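**Student:** below is the sequence, then the predicted model.
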Amino acid sequence: MTKGPDQARDACGVFGIFAPQEDVARVTFFGLFALQHRGQESAGIATTDGHRIYLHTGMGLVAQVFDEFRLARLPGYAAIGHTRYSTTGSSNIYNAQPILVGSPVGQLAIAHNGNIVNAAELQAELVDRGATFGSTTDSEVIAHLIALSPGHTWVDKIRAAMARLEGAYSLALLTHEAVYAVRDPLGIRPLALGRYNGSWVFASETCALDHVGAELVREVEPGEIVEITHDGLRSYPGQVSPRQAFCIFELIYLARPDSRFSGQLIYLMREAMGAELAREHPVEADLVTGVPDSAIPAAIGYARASGIPFRETLIKNRYVGRTFIQPDQRMRSLGVQLKFNPLPEVLRGKRVVVVDDSIVRGTTTPRVVSLLREAGAREVHLRICAPPIRWPCYYGVDMATREELIAARKTVAEIAAWTGADSLGYLSVEGLLRAVGLPGARFCLACFTGDYPVPIPEALGKFVLEAPAAR
């Protein structure tokens, strides 16, 4: 799914493997390929042969960064990989991951999904202790913190660092001898563990395990440290939390629909969201459609629950956003038409229910409504399978500032008028929880409620670790 300017953007995807009998760089490439939806700005792979760590990173999509030549230069029996969307630090090559740092006990490579809210404080402390930073990301802060933490083993150092970290982190770590999977004690971002031809792999989403032919074993537990070496897999307690706070937006939009969470297929959860929408916001209409691709399961669920037929009405150009070539001004003025092409013969004269996953800034949705009307739709009724997003995310999703969030500034009626829709209905928080079938205490709902599970510093922002000239 290509994320437009009005959509939430996730922080990253991580992948790790320890498999002496495999071409680990190649397996990692295909694992990252399955996680491409989580970040399209840069990608990288680090491997080890027991003597040194090999690293290659680059800007762009996974397939733009790697080819056969570059993969062949990444030997070894263990690897980690990363595909990035920037949420702390700008989109530059020096912020591409994995990031490699030195320590008194050897090299450490890190790939990180999440956001550390006390990164600026920790960075200042680490600089005072002699750390030198080559990037402007909180991921390098984590790496130096682990490297300089007390302990005789990497597990000791990781555990000590976890006690200092505040926020969201699902980590893939690589040393000369081991791969580590680490998850923050709230479990905000996903991380899954699988078996691969007698070896071990882990990834941000279960779909990546499927793509490389691995079998899902379980999710990495919140606060857990998983160590994989030649001796096998060992689990260690890292940090304990009195609660969990998994990002529910993963289930609404960020994760691929063929991934699983808590044993459930996300596709079916999204269908259930659409069914709840139909019950909460019914309307007389001729057809139900979804904004491709992420809202299609919810649209199907709405259609099934309402008895209104589902039809595709917008055909998506899946390659928009996958090029560095920018459109000229005339083409930019076409806006959403570069991404979607409507089907006038299907839309003409029809009352249409349009299901979408969310409205963030409110910039793209009016263009979609206008596109449907221009193609002949008589009525356009918007149904959104996320509650109104009134608060920004600080845990690894670029969701704009509060001033930019349209639901923080306008009522539902005002947003409906802004978009040009005949009606607008958001799924309630209660309906969302019914659809996922899990208690609200397991989730972070802060973007809907403003109730953050980790206190947020006042000065926190995407570029908090950058000097103004670097932005």
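**Tutor:** Looks like it arrived, so ask away. Residues are numbered from 1 along each chain as shown.
**Student:** contacting residues for Gln21?
**Tutor:** Contacts for Gln21 (Cβ atoms under 8 Å, 6 or more residues apart in numbering) come out as 197-199. The way it works is simple: take the backbone N, C-alpha and C, and place the C-beta from them, glycine included.
**Student:** what do you get for Ala245?
**Tutor:** For Ala245, counting by Cβ under 8 Å, 6+ apart, the contacting residues are 186-188, 442-444, 453.
**Student:** neighbour-wise, which of those leads?
**Tutor:** Using other Cβ atoms under 10 Å as the neighbour criterion, Ile188 leads the contacts of Ala245 with 28 neighbours.
**Student:** any idea how far that one is from Glu250?
**Tutor:** To Glu250, Ile188 is 9 Å away according to Cβ to Cβ, to the nearest Å.
**Student:** go on, Arg129?
**Tutor:** 35 Å.
**Student:** neighbour count winner among those two?
**Tutor:** Using other Cβ under 10 Å as the criterion, Arg129 and Glu250 rank with Glu250 on top: 23 against 9.
**Student:** the closest residue to that one other than its chain neighbours in helix, strand or coil?
**Tutor:** What sits nearest to Glu250 in space, not counting adjacent residues and going by Cβ to Cβ, 6 or more residues apart in numbering, is Pro190, at 6.0 Å. Following DSSP: H, G, I helix; E, B strand; the rest coil, Pro190 is assigned to coil.
**Student:** what segments of the stretch 201-350 of the chain are strands?
**Tutor:** 215-219, 224-229, 232-237, 246-247, 260-261, 264-265, 287-290, 314-316, 340-342 (DSSP state E, counting those that start in this stretch).
**Student:** tell me how many other residues surround Arg409.
**Tutor:** 14.
**Student:** where in the protein is pLDDT low?
**Tutor:** Where the chain drops to pLDDT under 70, the residues are 1-11, 86-91, 319-335, 458-471.
**Student:** for it, longest helix please?
**Tutor:** Identified as the longest helix of the chain according to DSSP state H is helix 266-280.
**Student:** so Ile110 is in which element?
**Tutor:** Ile110 is part of strand 108-116, with elements assigned from DSSP states H and E.
**Student:** I misspoke; the intended subject was Ile415.
**Tutor:** Here Ile415 is assigned to helix 412-419, by DSSP H and E.
**Student:** counting by contacts, list what that helix packs against.
**Tutor:** With contacts taken as 3 or more Cβ pairs under 8 Å, 6 or more residues apart in numbering; DSSP states H and E, helix 412-419 sits against helix 365-374, helix 406-409, strand 423-426.
**Student:** reformat the ones you listed as JSON lines; add distance to Glu284.
**Tutor:** Shown next, in JSON lines, are the helices and strands packed on helix 412-419 (distance: least, Cβ to Cβ, whole Å):
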{"stretch": "helix 365-374", "distance to Glu284": "17"}
{"stretch": "helix 406-409", "distance to Glu284": "26"}
{"stretch": "strand 423-426", "distance to Glu284": "11"}
